[in-house]
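Enquirer: Need coordinates for the following:
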Amino acid sequence: MKSLVSQSIGYQRKLKVLFVNHTGKVGGAEVSLLTLLDWLNRLYGKSIQLMLAAPDDGDLLERAERCGVIIFPTNWLKRLKRPSNMRHLLNMIASIGRGSLKALKLLHSISPHIVHCNSLQSSLYFVLPTAFKRLPLVWHCRDLLMPKVVARFVGAFCDAIISISSAVAKELIKLGISERKVRLIYNAVDVSALKHVNDEQVKRFREACGVGEDGILVGMIAHMTPWKRHDLFIRMASSVAKERKDVRFVIVGGDIFEEQSGWLCFLSRMTKELSLEGALKFVGECKDIAIAVNAMDILVHPSPTEPFGRAIAEAMAVGKAVVAINAFGPAELIKHQENGLLVPSATPEALSKAVLRLVENEPLRLKLGEAAAKFVQTHLSPQLHAEKVFQLWLECSRSP
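Expert: Purely as a prediction, here's the structure:
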């Protein structure tokens, strides 16, 4: 493998790759990044040197360092918000400009051979510095909804763009980005990490949600943001609870960027208005998602605009039946009535009908869960994921 690397980059030494992320807080994109970093080091640790630049406002850097990654705290990497007026836009451009100068300085000091940006936002800071240094730039695209001008600008300078689903790839091409630059590589799920959980902790989680020994726990895992559609989950729960008193519901996920207090208040009011306080529990951010996902019997993912659906993949990995909307990323993971259930529309009625079907049919629930676990093991292997990313780097290094 070392000879391949050396041939690709023209150096008789390790391939140095700088990963960049725009936040140090750990969400779904960061969990996927950590899985990739871990497996790249497992497979190619003797041939590559992995580095990560990110703000130190969360535990991403610490967790990456435990994977053997060299870390660079970079608090000039700011999480960007869509500008609300011209003044905000000009301030954002100035901030990116200042950050780009610091990115150029970082590249000069550490001399990576490839820069791998884990988001569109982080790419904005490195797109011009990598062009100036003539370094290959890989943009790992994890979004479905992107500003057209920004995406096209970054896409024009990238050597390659990894799309986490066919839906994301189609969106990139629709935005005007060259199809030859886009490479489909699904996110990976480390099944062993999810399955090795403490049974007693899982039991306590279920008890805290009010689930009896023979009860059913229906859950949702998502950050507190409106596009995840927690409101649909709550209305679905209200409908199911009227039919089955033994079913309990849980929403896992917090407001990690502390921007959605209004959304959480809205959801709390809705829960009270629908008299669900005794049946539905909000548990906030869960540090060990494996406990939550193993505690559930059914996972419901109500977002109709999901680019991939990491929570779906994790639930499938541990053999749980999943209900999701038949659109975008989830429609690529779930084969209806084979390894999960897809509903045709993002409505409480469609979701509750599917959930009730699984609640009342345990053999079907178990059958779908078993098939789901096999799908993840075959198609979302972290080893396969790391191999594809590494091969892409080699291709970028060979490009003139």
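
Enquirer: now stretch 46-57: mean pLDDT?
Expert: Average pLDDT, stretch 46-57: 96.

Enquirer: measure that stretch end to end?
Expert: This stretch, stretch 46-57, spans 30 Å end to end (CA to CA, to the nearest Å).

Enquirer: Next, find the distance separating residue 156 from residue 37.
Expert: Plainly put, residue 156 is 27 Å away from residue 37 if you go by CB to CB, to the nearest Å. In this view, the C-beta of every residue, glycine as well, is placed from N, C-alpha and C.

Enquirer: More neighbours: which of these two?
Expert: Set residue 156 next to residue 37 and count neighbours by other CB atoms under 10 Å: residue 37 wins out with 21 against 13.

Enquirer: residues contacting the more buried one?
Expert: 19, 50, 52, 64, 67, 69 (CB atoms under 8 Å, 6 or more residues apart in numbering).

Enquirer: How about the secondary structure of residue 115?
Expert: Using DSSP: H, G, I helix; E, B strand; the rest coil, the structure places residue 115 in strand.

Enquirer: Correct me if wrong: it contacts residue 136.
Expert: Yes: between residue 115 and residue 136 there is a contact at 7.2 Å, judged by CB atoms under 8 Å.

Enquirer: Going by how many neighbours each has, rank these two and give me the top one.
Expert: residue 115 (28 against 22).

Enquirer: and the gap between that one and residue 75?
Expert: From residue 115 to residue 75 the distance is 19 Å (CB to CB).

Enquirer: can you check residue 118 too?
Expert: If you go by CB to CB, the gap between residue 118 and residue 75 works out to 17 Å.

Enquirer: next one: residue 50
Expert: From residue 50 across to residue 75, the span is 21 Å (CB to CB).

Enquirer: These two: who's more crowded?
Expert: Of the pair residue 50 and residue 75, residue 50 is the one with more neighbours under other CB under 10 Å, namely 25 against 11.

Enquirer: The more buried one should be in a strand, yeah?
Expert: Yes: counting by three-state DSSP, residue 50 is found in a strand.

Enquirer: ok, the contacts of residue 37 vs residue 372, which is closest?
Expert: The nearest member of the contacts of residue 37 to residue 372, counting by CB to CB, is residue 67 at 27.0 Å.

Enquirer: Tell me, what's the model's pLDDT at that closest one?
Expert: 93.

Enquirer: Residue 88 too?
Expert: Looking at residue 88, its pLDDT stands at 85.

Enquirer: same deal with the one 3 residues further on?
Expert: If you check residue 91, the pLDDT there is 87.

Enquirer: which parts of the host helix or strand of it are buried?
Expert: Element membership for residue 91, per DSSP states H and E: helix 86-110. Residues 92, 96, 99-100, 102-104, 106-107 are the ones in helix 86-110 that count as buried (16 or more other CB atoms under 10 Å).

Enquirer: what does stretch 286-303 give?
Expert: Result for stretch 286-303 [16+ other CB under 10 Å]: buried residues 286, 289-303.

Enquirer: What about these, which are in helices?
Expert: Using DSSP state H, the members of the buried residues of stretch 286-303 that fall within helices are 289-295.

Enquirer: Which strands or helices does the host helix or strand of residue 332 pack on?
Expert: In this assignment (DSSP H and E), residue 332 forms part of helix 328-333. Applying 3 or more CB pairs under 8 Å, 6 or more residues apart in numbering; DSSP states H and E, one finds that helix 328-333 contacts helix 166-174, helix 310-317, strand 321-325.

Enquirer: C-terminal to that helix, what's the next element?
Expert: Taking DSSP H and E, what comes next after helix 328-333 is strand 341-343.

Enquirer: Can you give the strand pairings for that next one, parallel or anti for each?
Expert: Strand 341-343 has the following strand partners under DSSP bridges: strand 321-325 (parallel).

Enquirer: Look up phi and psi at residue 282.
Expert: Phi and psi for residue 282, reported as degrees, to the nearest 10, are phi -100, psi 120.

Enquirer: residues contacting the closest residue to residue 279 other than its chain neighbours?
Expert: Using CB to CB, 6 or more residues apart in numbering and skipping residues adjacent in sequence, the residue nearest residue 279 is residue 241, 5.0 Å away. Residue 241 is in contact with 247, 249, 276, 279, counting by CB under 8 Å, 6+ apart.

Enquirer: Please identify which of those residues is nearest to residue 327.
Expert: Nearest to residue 327 out of those is residue 249 (CB to CB; 22.9 Å).

Enquirer: Spell out the residue ranges of the strands in the stretch 251-400 of the chain.
Expert: 280-284, 298-301, 321-325, 341-343 (DSSP state E, counting those that start in this stretch).

Enquirer: what would these look like in JSON lines with distance to residue 44 and mean pLDDT?
Expert: Formatted as JSON lines, those follow (distance: least, CB to CB, whole Å; pLDDT from 0 to 100):
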{"stretch": "strand 280-284", "distance to residue 44": "37", "mean pLDDT": "95"}
{"stretch": "strand 298-301", "distance to residue 44": "33", "mean pLDDT": "98"}
{"stretch": "strand 321-325", "distance to residue 44": "33", "mean pLDDT": "98"}
{"stretch": "strand 341-343", "distance to residue 44": "37", "mean pLDDT": "98"}
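
Enquirer: Name the residues that touch the host helix or strand of residue 127?
Expert: For residue 127, the host element (DSSP H and E) is helix 120-133. Contacts to helix 120-133, defined as CB under 8 Å, 6+ apart, come from residues 20-22, 77, 79-80, 96, 99-100, 103-104, 107-108, 115, 117, 136-137, 139, 141, 143, 146, 150-151, 153-154, 157-158.
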